[in-house]
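In: fold the following.
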Amino acid sequence: MVALAPHRRSISRARERNGRGHADYLGRTAQGRGPAMTTRPDLRDTIYMDPGDIIAAWVERSNYRFSEHWTDTWQEEHAAAFTVAKIAKLDLLTAIHKSLDDVIQGGGTFEQWKANLLPELKKHGWWGVVQDEALTGTPDPVIVNERRLRTIYRTNIRMSMAAGRWRKYQREKELFPYLRYRSDHFRKHPRLDHKSWHGLILRVDDHAWQWMFPPNGWGCNCRVEQVSEARMRRMGWKLDEAPNPPRHDFITAAGEIVSVPQGVAPGFGYNPGTAHLRVLADRATASLKSALAAGNDQAAHHTLRQLIGDPAFEQFLAMPDGAFPVAILDPDHQATIAAASRIVMLPGKVYRKQLGEFPNISSGHPELTIADYRMLPDIVERAILVAMQGDNRLIYFADEAGRLWKAVVRQDAGVGFPAVVSFHRSRARNIAPETRNLEILLDRR
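Out: Residues are numbered from 1 along each chain as shown. As a prediction, the model looks like this:
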């Protein structure tokens, strides 16, 4: 129980913070249960949230993107770019972003946001019936009214709040390892699919949360709540199986056909909290490439260790797909296997295989911890033996943290990076039989 005391103090401090400011955060001043409730997101489960989590998720959307249709910027792309459909001018998009930034970082109601923004919209001519292709990106007339503003306000703030919630849930998952779906089934006309998920309990890192983490549609007020082991026992709850709803095809504005789960509106089938991790992985990879291209290997290695040491690395590994940089190849080793890059990635599918999630594959290593995976940069850089297997594999043996490790890096044809395909503990006596008849590239024993 002593270990819980700091957490309880932090919760108490959060309650004090929220009592002073966060209760009014993002417009909680609306009263009653009538139409005014639609002017703000539901904050019931953010009472202990640090506003910084919401702000950080919002700030990560640092780029602008023009779009004629809302599907032009699809799902995870929203984590990297801010967009408003039917706006084709940077100064107008910047003005709307700035106004939302003021609300998210400083608080305020929809009515206050609208009152501050409306003069700017009218100045640009983006109000009422607008037929200006240079402004909207389409020759068709566009109706800009309060309903459209509510959609802009609610969607941007709800997504930022959802991303902030996910950060909190990941940070506290040792205390609250489960999430329970709470549908908005009290509304007059509830979404039946969402209602069927009410009370569903899954682990925080269950992959289903990657497509069904609310909001799951326009105006969706569903949420999830954290659940501890003690509450599971007290309530007699059991862990559920993730739903597997039928899917249907949806065509985006770019003409891409995507599969959408029933019950989740097109464009909402992603987790706003993990979407930023894909952005982080892309930006991290770009930073490493720039450093290596400039010949600054020392900075690249230092940056990589910082990235893997960040809590986001553990969150990324919980994702069902994607790839995160975990090592940097020696230039000679890159040339030996004709690797597309010196940056070695750990694909999410490989990590899931390591966890033993594929029953038809017996090569899992679920005993490995996050701390073990954080040693991959050192294992590749400080290997005591490196061997080449075939023409596209490198086998690394390294002595780290008082024991021997083996990592296999492979470059597949047509893939833009080499990848770790196997990683586990080993023994010194295994080196000779496992490298027999292989070309030894380096031996520091």
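In: quick one: secondary structure of residue 394?
Out: Following DSSP: H, G, I helix; E, B strand; the rest coil, residue 394 is assigned to strand.
In: so who does it touch?
Out: Residues near residue 394 by CB atoms under 8 Å, 6 or more residues apart in numbering: 329, 333, 336, 337, 386, 387, 388, 408, 409, 410, 418, 441. For every residue, glycine as well, the C-beta is placed using N, CA and C.
In: how far away is it from residue 381?
Out: 13 Å (CB to CB, to the nearest Å).
In: residue 435: neighbouring residues, count only.
Out: Using other CB atoms under 10 Å, residue 435 is surrounded by 18 other residues.
In: for it, which non-adjacent residue is closest in space?
Out: Nearest non-adjacent residue to residue 435, counting by CB to CB, 6 or more residues apart in numbering: residue 387, 4.5 Å away.
In: ok, which stretches of the stretch 201-350 of the chain are strands?
Out: 201-203, 223-227, 247-251, 257-261, 323-328, 343-347 (DSSP state E, counting those that start in this stretch).
In: for residue 284, find the nearest of those.
Out: Nearest to residue 284, of all these, is strand 323-328, at 5.8 Å by CB to CB.
In: remind me what the closest one packs against, helices and strands.
Out: helix 272-293, helix 297-309, helix 311-317, strand 343-347, helix 376-381, strand 419-426 (3 or more CB pairs under 8 Å, 6 or more residues apart in numbering; DSSP states H and E).
In: quick check: which of these is nearest to residue 366?
Out: Minimum separation from residue 366 across the helices and strands packed on strand 323-328 (CB to CB) falls at strand 419-426, 10.5 Å.
In: give me the contact list for the closest one.
Out: By CB under 8 Å, 6+ apart, the residues outside strand 419-426 that reach it are 323, 326-327, 344-347, 350, 354, 363, 365, 367-368, 372-373, 376, 397, 403-412, 434.
In: chain center to that strand, what's the gap?
Out: 25 Å (CA atoms, centre = their mean, to the nearest Å).
In: can I get it as CSV, trimmed to CA atoms?
Out: The C-alpha trace of strand 419-426 is given here as CSV (Å, rounded to 0.1, in the frame of the first residue of the first chain):
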residue,chain,number,x,y,z
ALA,A,419,14.4,-5.1,-39.6
VAL,A,420,14.9,-7.1,-36.4
VAL,A,421,13.2,-10.4,-37.0
SER,A,422,14.4,-12.3,-33.9
PHE,A,423,15.7,-11.3,-30.5
HIS,A,424,16.3,-13.4,-27.4
ARG,A,425,18.7,-14.5,-24.7
SER,A,426,21.5,-16.9,-25.6
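In: the strand or helix carrying residue 154 to helix 272-293, inter-axis angle?
Out: Assigned by DSSP states H and E, residue 154 belongs to helix 146-171. With axes from the mean of the first three to the mean of the last three CA atoms, to 10 degrees applied, the angle from helix 146-171 to helix 272-293 works out at 70 degrees.
In: just checking, what packs against helix 146-171?
Out: helix 51-59, helix 90-106, helix 110-124, strand 223-227, helix 272-293, helix 311-317.
In: now do the contacts for the residue nearest to residue 435.
Out: By CB under 8 Å, 6+ apart, the contact set of residue 387 is 394, 395, 435, 438, 439, 440, 441.
In: how near is it to residue 393?
Out: 9 Å.
In: nearest residue to residue 305 in space, please, no chain neighbours.
Out: Residue 305's closest residue in space is residue 377 (CB to CB, 6+ apart), at 5.6 Å.
In: and that neighbour, how far from residue 411?
Out: Relative to residue 411, residue 377 is positioned 18 Å away (CB to CB).
In: out of the strands of the stretch 201-350 of the chain, the one nearest residue 110 is which?
Out: strand 223-227 (19.3 Å).
In: just how off-centre is the closest one within its chain?
Out: Distance, centroid of strand 223-227 to centroid of chain: 18 Å (CA atoms, centre = their mean).
In: can you list contacts of it?
Out: So strand 223-227 is contacted by 42, 44-45, 165, 169, 172, 176-182, 201, 209, 213-214, 237 (CB under 8 Å, 6+ apart).
In: turn the strands of the stretch 201-350 of the chain into CSV, columns for mean neighbour count and distance to residue 428.
Out: Shown next, in CSV, are the strands of the stretch 201-350 of the chain (neighbours: other CB atoms under 10 Å; distance: least, CB to CB, whole Å):
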stretch, mean neighbour count, distance to residue 428
strand 201-203, 19, 37
strand 223-227, 20, 45
strand 247-251, 12, 50
strand 257-261, 14, 48
strand 323-328, 24, 22
strand 343-347, 23, 24
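In: of the helices and strands packed on helix 146-171, which shows the lowest average pLDDT?
Out: Ranked by mean pLDDT, these end with helix 51-59 at the bottom, a mean of 40.
In: residue 154 against residue 220, yeah?
Out: No: using CB atoms under 8 Å as the test, residue 154 is too far from residue 220 to be in contact (9.9 Å).
In: residue nearest the middle of this structure, spatially speaking?
Out: Note on the chain: the residue nearest the mean C-alpha position is residue 274, at 1.2 Å, using CA atoms, centre = their mean.
In: my guess is that one contacts residue 207. True?
Out: No: under the criterion of CB under 8 Å, residue 274 is not in contact with residue 207, lying 10.3 Å apart.
In: what about the closest residue to residue 370 other than its chain neighbours, how many residues nearby?
Out: Of all residues not flanking residue 370 in the chain, residue 314 sits nearest, at 5.0 Å (CB to CB, 6+ apart). When neighbours are counted by other CB under 10 Å, residue 314 registers 17.
In: if I look at residue 314, how far off is residue 376?
Out: 14 Å.
In: again, but for residue 121
Out: Residue 121 is 50 Å from residue 376, by CB to CB.
In: these two: who's more crowded?
Out: residue 376 (24 against 19).
In: wait, isn't the more buried one in contact with residue 325?
Out: No: using CB under 8 Å, residue 376 is not in contact with residue 325; the gap is 9.7 Å.
In: what do those two both touch?
Out: Joint contacts of residue 376 and residue 325 (CB under 8 Å, 6+ apart) are 344, 346.
In: grab the nearest non-local neighbour of residue 249.
Out: residue 257 (5.2 Å).
In: pretty sure the one you found sits against residue 250.
Out: Yes: using CB under 8 Å, residue 257 is in contact with residue 250, at 7.3 Å.
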